[in-house]
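**Student:** need the 3D shape of this:
(4 chains)
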There are 2 protein chains.
Amino acid sequence: MEHRPPVISLTATQEPPVYGQGMQSRSPASRTGRPRSATADAAILAATRQALVDLGWSKLTLGDVATRAGVAKTTLYRRWAGKNELVVDAVAELFDELELPDSGSLAADIEGVVLQFAAILARPEAKSGLMAVVAEATHDDALRERIRASVVDRQKRLVLEGRCRAQERGELPPEPDSESASRTADLIFDMVAGAVVHRTLVSAEPADEEWVRSFTRVLLQGLGT
Amino acid sequence: MEHRPPVISLTATQEPPVYGQGMQSRSPASRTGRPRSATADAAILAATRQALVDLGWSKLTLGDVATRAGVAKTTLYRRWAGKNELVVDAVAELFDELELPDSGSLAADIEGVVLQFAAILARPEAKSGLMAVVAEATHDDALRERIRASVVDRQKRLVLEGRCRAQERGELPPEPDSESASRTADLIFDMVAGAVVHRTLVSAEPADEEWVRSFTRVLLQGLGT
DNA sequence: GTGCTTTCGCTACGAGACGTAGCGTAACGC
DNA sequence: GCGTTACGCTACGTCTCGTAGCGAAAGCAC
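**Tutor:** Residues are numbered from 1 along each chain as shown, chains lettered A, B, ... in the order given. Modelled structure (predicted):
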């Protein structure tokens, strides 16, 4: 599952779509031949999530996923390099629904986002899948970058938008310089995501409304509002 | 690696030591026969940590650990039920060194503990091992309980001690009732551990002194000191 | 010392997943 | 229709798993 073999493209075209996914990110005009089935992609990712629920990370096998999705095992290997990449893409789709509510106050905005985040993390496929790939990413830089791009940045954007909106409303002081602004955003992001993840996965307690309210109160007061 | 077979004890003695570890926790007088080698235990756990560094979780095999430790594979299986339990014990030892410093002020105490915690999490064997077993624990209650007992509680104790000490010094208000005291302690714990874990593993940035100072400032101000 | 008990190292084994190769067929663009 | 690519299927060698069985070693009771 490690050594990517050459993957030589017989003609000198760029980048065979192997490993790709991530929507239309590959060559803008993959022109000739039979196109890949988008249905198969969706079925595979859905089957992966279901397999995560039923089996967990360690017992999940690519052969089983292929069977569930109704595709051949070889089809699966033509698109993903291995279990890690497949699960990242499968889990990343869960975070598509994350949106920043416009509730009128910073506290309400934060509570809304955190509740959404908590709801996603409460799903068993997110729990086992996300933590496992993060663990694998500790010794696989490419995988970490893949997670950052398709999962983390999507969350972080909400923090930046929320702060910007709060500053326009005067609920948060403007940052003196962009350097410290970036550091503060990183800190907030780690505190929010970290607390929810730890609550849900390690403490194994639900991040319900009451908890989110307490957490938001501490965070906002700590940020000096 | 799943179905524990009967493990019938021919004589009707209690609890064959399988799965045990956790020091002298097994039957107080395991009297007769050749005793288990404590040296082997230590060698196996050390070899497990080194294998985590070299290979990461998914590529770590019990056969390889046995070779590294200089013991037979069967010896390893006689003591641990599988990879999960072995790694939990190997990682748990890393947290033995956690201690609450007595620095005179709450802020300094917190910063000290968080820095210790961050130093442990910075080690590659802690990163990959801890996250992987947490992921596995999402669908294995016994494993989660094992993690809670040997890792989480050891950390949580520091939060409780630190708060108690701060209340004696008057730096934190006493809690009105034990119910809310418990909830607040849980919240603090999730915030501290979660933020450090997220910073170290997901954001992949060091939780250095500067970061810890910023974090502590936000946390303490949020707690109303 | 002599036994009794348990652990140890070693070898061998079937089961299962991995990841690939090869083939014939199906679907699209020109 | 033709070229090109994706698809389903089968088969294969390799690796790890977890266990069984054996003889030898290391303690304790007597």
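
**Student:** now the strands for chain A?
**Tutor:** Counting by DSSP state E, one finds no strands in chain A.

**Student:** tell me the domain ranges of it?
**Tutor:** A:23-88, A:92-222 (automatic domain parsing).

**Student:** phi, psi for the closest residue to A:A118 other than its chain neighbours please.
**Tutor:** Distance criterion Cβ to Cβ, 6 or more residues apart in numbering or on different chains; nearest residue to A:A118, sequence neighbours excluded, is A:A207 at 3.7 Å. For glycine as for every other residue, the C-beta is placed from the backbone atoms N, C-alpha and C. Recorded main-chain torsions at A:A207 are phi -90, psi 80, according to degrees, to the nearest 10.

**Student:** wait, A:A207 sits on A:R199?
**Tutor:** Yes. In this structure, A:A207 is within contact of A:R199 by Cβ atoms under 8 Å, at 4.9 Å.

**Student:** helices of chain A, residue ranges please.
**Tutor:** Remark: helices assigned in chain A by DSSP state H are A:38-55, A:62-69, A:73-79, A:83-92, A:106-122, A:124-137, A:141-147, A:153-169, A:178-197, A:209-222.

**Student:** for the residue in chain A that DNA strand D sits nearest to, give me the pLDDT.
**Tutor:** Nearest to DNA strand D, among the residues of chain A, is A:G33, at 2.0 Å (Cβ to the nearest atom of the strand). Here the pLDDT value assigned to A:G33 is 86.

**Student:** and for it, the neighbour number?
**Tutor:** A:G33 has 6 neighbouring residues, counting by other Cβ atoms under 10 Å in any protein chain shown.

**Student:** same check, this time on the one 3 residues further on
**Tutor:** Here the count is done by other Cβ under 10 Å, and A:R36 has 16 residues near it.

**Student:** same question for A:A47.
**Tutor:** A:A47 has 21 nearby residues by other Cβ under 10 Å.

**Student:** need the contact list for it.
**Tutor:** A:V65, A:A66, A:R68, A:A69 (Cβ atoms under 8 Å, 6 or more residues apart in numbering or on different chains).

**Student:** ok, and the most crowded of those?
**Tutor:** Highest neighbour count within the contacts of A:A47, by other Cβ under 10 Å: A:V65, with 28 neighbours.

**Student:** how near is it to DNA strand C?
**Tutor:** 8 Å (Cβ to the nearest atom of the strand, to the nearest Å).

**Student:** before we move on, back to that, which of the helices of chain A sits most buried?
**Tutor:** helix A:124-137 (a mean of 25; mean count of other Cβ atoms under 10 Å in any protein chain shown).

**Student:** got the CA positions of that helix in CSV?
**Tutor:** Listed next in CSV are the C-alpha coordinates belonging to helix A:124-137 (Å, rounded to 0.1, in the frame of the first residue of the first chain):
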residue,chain,number,x,y,z
PRO,A,124,-19.7,7.1,14.0
GLU,A,125,-18.2,7.2,10.5
ALA,A,126,-16.7,10.6,11.3
LYS,A,127,-15.3,9.5,14.7
SER,A,128,-13.4,6.5,13.6
GLY,A,129,-12.5,7.7,10.2
LEU,A,130,-11.2,11.1,11.1
MET,A,131,-9.1,10.1,14.0
ALA,A,132,-7.6,7.2,12.2
VAL,A,133,-6.4,9.3,9.2
VAL,A,134,-5.1,11.9,11.5
ALA,A,135,-3.1,9.3,13.3
GLU,A,136,-1.7,8.0,9.9
ALA,A,137,-0.9,11.6,8.9
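
**Student:** what is the mean pLDDT for that helix?
**Tutor:** pLDDT averaged over helix A:124-137 gives 95.

**Student:** sounds good, over and out.
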